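Asks: Give me a 3D structure for the following:
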Amino acid sequence: MSTALRTSAMIASFADPGQRTIPAPFGHALVAAAEADERIVGLTADLGKYTDMHIFAAAFPQRFFQMGMAEQLLFGAAAGMAETGLIPFASTYSVFAARRAYDFICLDIAEPNLNVNIVGGLPGLTTGYGPSHQATEDVAIFRGMPGLTIVDPCDAVDITAAVPQLAAYPGPTYLRLLRGQVPAVLDEYDYTFELGKAKVLRPGNDVVFVSSGLMTMRALQAAEQLAAHHVDVAVVHTPTLKPFDAETVLRELNSDRLAVTLENHTVVGGLFETVAAAAVRAGVRTTVVPVALPDEFLAAGALPTLHERYGLSTARVVAAVLDRL
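Replies: So this is what the prediction gives:
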């Protein structure tokens, strides 16, 4: 068995061996934002260490609130703080926010349009602990909530830039958090995160990838490898899933290029269906092929093995494109 296959199942890193990473970018970005705005507070449901909120807690102990394993209380308290003019960032695992506390988020936060920032760790297939912790359907659950902004960052660059923009945004937000040692990828491109905007990271004549989250990193890697097969691939990064920047994405969709969506989420209710719906509404006639997790409960195990099994690895992305061409 290779070293990569012995990755911890719980808090596993999706970074490639030797890849440049930045530690706890969310925690450090939140500290920087809080230094500039005394209204920012941090809350967690017994998961400070595992959502990088412990960085904020150490820097601002009087502005940090440990709510215990009570996610509904976590978001109810965050709503109350926002009502008083504070700017809460409330962290837990994505599965607990989406499945366990949905009604509290919907009625206490979204309906009154409060500035509460929901920070969800372990989104999609970023843990090997199985269905109890794999938030493979969190975007599908949250997309239907009126007024909720959803951000799916690619890397540490995205997260660092997103945090102050989320704090400044007046309504509720949901951040699909990448924690721990997070790859730094996007600073190698002419890219700046803008809330609500998609960006073309690289041009290409044969295939266009539309991706979000860690799958943008995989899209860029796959594009490089496909060039060796004489396949020219464009990559469009969509870090904001709602509201969706259909204008930028649809400009890249045409019948001359194969369109592929890549997401760390079930094929139901996420980026693929968002892109497909936007294309239908606009009358854009093109085939869109999804690279996404299957509509099933996933297995437990080592993260690299699971990504290969369920089609999220770079090698599987390359193979999927070559099979379609």
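
Asks: mind checking how far Arg316 is from Gly283?
Replies: Using Cβ to Cβ, to the nearest Å, we find Arg316 at a distance of 32 Å from Gly283. In short, each C-beta sits where N, CA and C put it, glycine included.

Asks: Between these two, which has more neighbouring residues?
Replies: Neighbour comparison, Arg316 and Gly283: the larger count goes to Arg316, with 17 against 7 (by other Cβ atoms under 10 Å).

Asks: now the more buried one, nearest residue through space, not along the chain?
Replies: Among residues not flanking Arg316 along the chain, Glu308 sits closest, at 6.3 Å (Cβ to Cβ, 6 or more residues apart in numbering).

Asks: Buried residues, the helix or strand hosting the one you found. List them.
Replies: Per DSSP states H and E: Glu308 is located in helix 303-309. Across helix 303-309, burial judged by 16 or more other Cβ atoms under 10 Å covers Leu303, Pro304, Thr305, Leu306, His307.

Asks: next SSE after that helix?
Replies: helix 314-324.

Asks: Determine how far that next one lies from the middle of the whole chain.
Replies: Helix 314-324 sits 22 Å away from the centroid of its parent chain (Cα atoms, centre = their mean, to the nearest Å).

Asks: helices or strands up against that helix?
Replies: The contact analysis (3 or more Cβ pairs under 8 Å, 6 or more residues apart in numbering; DSSP states H and E) places helix 314-324 against helix 214-227, strand 258-266, strand 288-293, helix 303-309.

Asks: export the helix holding Glu308 as CSV, just CAs?
Replies: C-alpha atoms of helix 303-309 as CSV (Å, rounded to 0.1, in the frame of the first residue of the first chain):
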residue,chain,number,x,y,z
LEU,A,303,-9.6,9.7,0.9
PRO,A,304,-7.3,9.2,-2.1
THR,A,305,-8.9,5.7,-2.6
LEU,A,306,-12.4,7.2,-2.4
HIS,A,307,-11.6,10.0,-4.8
GLU,A,308,-10.4,7.4,-7.3
ARG,A,309,-13.3,5.1,-6.8
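
Asks: so Phe60 touches Ala34, yeah?
Replies: Yes. In this structure, Phe60 is within contact of Ala34 by Cβ atoms under 8 Å, at 5.7 Å.

Asks: neighbour-wise, which of these two wins?
Replies: Remark: of Phe60 and Ala34, Ala34 carries more neighbours, 23 against 17, as counted by other Cβ under 10 Å.

Asks: The more buried one: what's it in contact with?
Replies: If you count contacts by Cβ atoms under 8 Å, 6 or more residues apart in numbering, Ala34 has them with Ile40, Gly42, Phe56, Ala59, Phe60, Arg63.

Asks: Just the buried ones from those?
Replies: Buried members of the contacts of Ala34, scored by 16+ other Cβ under 10 Å, are Ile40, Gly42, Phe56, Ala59, Phe60, Arg63.

Asks: Does the third one touch Val31 like I think?
Replies: Yes. In this structure, Phe56 is within contact of Val31 by Cβ under 8 Å, at 5.6 Å.

Asks: how about the buried ones among the contacts of Ala34 in a markdown table, adding pLDDT?
Replies: Output for these, formatted as a markdown table (pLDDT from 0 to 100):
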| residue | pLDDT |
| --- | --- |
| Ile40 | 98 |
| Gly42 | 98 |
| Phe56 | 98 |
| Ala59 | 98 |
| Phe60 | 98 |
| Arg63 | 98 |
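
Asks: Turn the residues you listed into CSV, including secondary structure and distance to Ala161.
Replies: Below are these laid out as CSV (DSSP: H, G, I helix; E, B strand; the rest coil; distance: Cβ to Cβ, whole Å):
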residue, secondary structure, distance to Ala161
Ile40, strand, 16
Gly42, strand, 19
Phe56, helix, 17
Ala59, helix, 19
Phe60, coil, 21
Arg63, helix, 22
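
Asks: The protein: helices as residue ranges?
Replies: Remark: helices assigned in the chain by DSSP state H are 25-36, 53-59, 71-83, 94-95, 102-104, 138-143, 156-168, 214-227, 246-251, 271-282, 303-309, 314-324.

Asks: what residues are up against the residue nearest to Tyr189 when sequence neighbours are not counted?
Replies: Spatial nearest neighbour of Tyr189, excluding adjacent residues (Cβ to Cβ, 6+ apart): Leu201 at 4.9 Å. If you count contacts by Cβ under 8 Å, 6+ apart, Leu201 has them with Leu186, Tyr189, Tyr191, Thr216, Leu220, Val235, Val236, His237.

Asks: Leu201 and Gln62: what is the separation?
Replies: In this view, Leu201 and Gln62 are 41 Å apart by Cβ to Cβ.

Asks: Equivalent analysis for Leu186, please.
Replies: Distance, Leu186 to Gln62, using Cβ to Cβ: 34 Å.

Asks: Show me which of the two is the more surrounded one.
Replies: The neighbour comparison of Leu186 against Gln62 (other Cβ under 10 Å) goes to Leu186, with 24 against 6.

Asks: Isn't that one up against His237?
Replies: Yes. With contacts counted by Cβ under 8 Å, Leu186 reaches His237, the gap being 7.5 Å.
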